[in-house]
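Participant: What would the 3D arrangement of this be:
(2 chains)
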Amino acid sequence: RKEVEQDPGPFNVPEGATVAFNCTYSNSASQSFFWYRQDCRKEPKLLMSVYSSGNEDGRFTAQLNRASQYISLLIRDSKLSDSATYLCVVTLHYNNNDMRFGAGTRLTVKP
Amino acid sequence: EPEVTQTPSHQVTQMGQEVILRCVPISNHLYFYWYRQILGQKVEFLVSFYNNEISEKSEIFDDQFSVERPDGSNFTLKIRSTKLEDSAMYFCASSELEGENSPLHFGNGTRLTVT
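Facilitator: All right, here's what the predicted structure looks like:
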């Protein structure tokens, strides 16, 4: 099983749509979770951390289910500028900041 | 906002040559990393560095690779004898803390092309 596995995508949605990405991780000891976005040929940029209780930042909502080792990202009212690849990122061990990336899910928002 | 800077943005080298990729992490950060991304593939961990030593490295980080923090600001990745398959985007990253919810901040990357 891959360390971090994501929906392969691509997701093509119209502006204003709601879209959800899923991610599973293999190591139950993983402690920290993040969503990054990566534009074509650019560096990954932090979108949001994922907290146990779930958290929201504007149109973005992240959820964590430790029992199922599952993370999600929900984007509401999607904008053209949301088009990017979304990377699920997980720390491999407790108290170890070395992160492992999922392969990413590509999102294209169309007018 | 402070940022991680990397130089050069693009490096072309011949197979067998040595390259040094340079990074200046954010000044108050203590943990430093190199990742690479082959075109069209996922971001892969290479090495992490803390307190002037490697704290973890991946299988990719073999004897051809080395890292150094030669002074208080730079963090370098050296590839001793480059191979064609080393062609990739190399990202440096840093973080302030270790452990829970301390995200990585990435530099813009160095695109390495080995011919």
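
Participant: okay, and for the chain, where does confidence drop off?
Facilitator: In the absence of a named chain, this looks at chain A. Chain A contains residues with pLDDT under 70 at A:1, A:93-97.

Participant: let's do chain B instead
Facilitator: B:98-101.

Participant: Near chain A, which residues of it are found?
Facilitator: B:31, B:33, B:35, B:41-45, B:48, B:55-56, B:89, B:91, B:95, B:97-109 (CB under 8 Å from any CB of the partner chain). Every C-beta, even on glycine, is put in place using the N, C-alpha and C of the backbone.

Participant: The residues you listed, buried ones only, as a ChimeraX selection?
Facilitator: Buried members of the residues of chain B next to chain A, defined by 16 or more other CB atoms under 10 Å in any protein chain shown, are picked up in ChimeraX with:
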select /B:31,33,35,42,43,44,45,48,55,56,89,91,95,98,102,103,104,105,106,107,108,109
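
Participant: Just the ones of the residues of chain B next to chain A in strands?
Facilitator: B:31, B:33, B:35, B:43-45, B:48, B:55-56, B:89, B:91, B:95, B:105-106 (DSSP state E).

Participant: Of these, which pair is most distant in space?
Facilitator: Spanning the widest gap among these are B:S55 and B:M89, at 22.9 Å by CB to CB.

Participant: gap between the closest residue to B:V24 other than its chain neighbours and B:S66?
Facilitator: The shortest distance from B:V24 to any non-neighbouring residue, by CB to CB, 6 or more residues apart in numbering or on different chains, is to B:T5 (4.7 Å). Noted for B:T5: a distance of 21 Å to B:S66, by CB to CB, to the nearest Å.

Participant: who touches residue 107 in this structure?
Facilitator: In the absence of a named chain, this looks at chain A. Each residue near A:L107 by CB atoms under 8 Å, 6 or more residues apart in numbering or on different chains is listed here: A:9-11, A:13, A:19, A:21, A:75, A:78, A:82-86.

Participant: Hmm, no, I was thinking of chain B.
Facilitator: Here B:G107 is in contact with A:E43, B:E3, B:V4, B:T5, B:Q6, B:C23, B:F91, B:C92, B:A93 (criterion: CB under 8 Å, 6+ apart).
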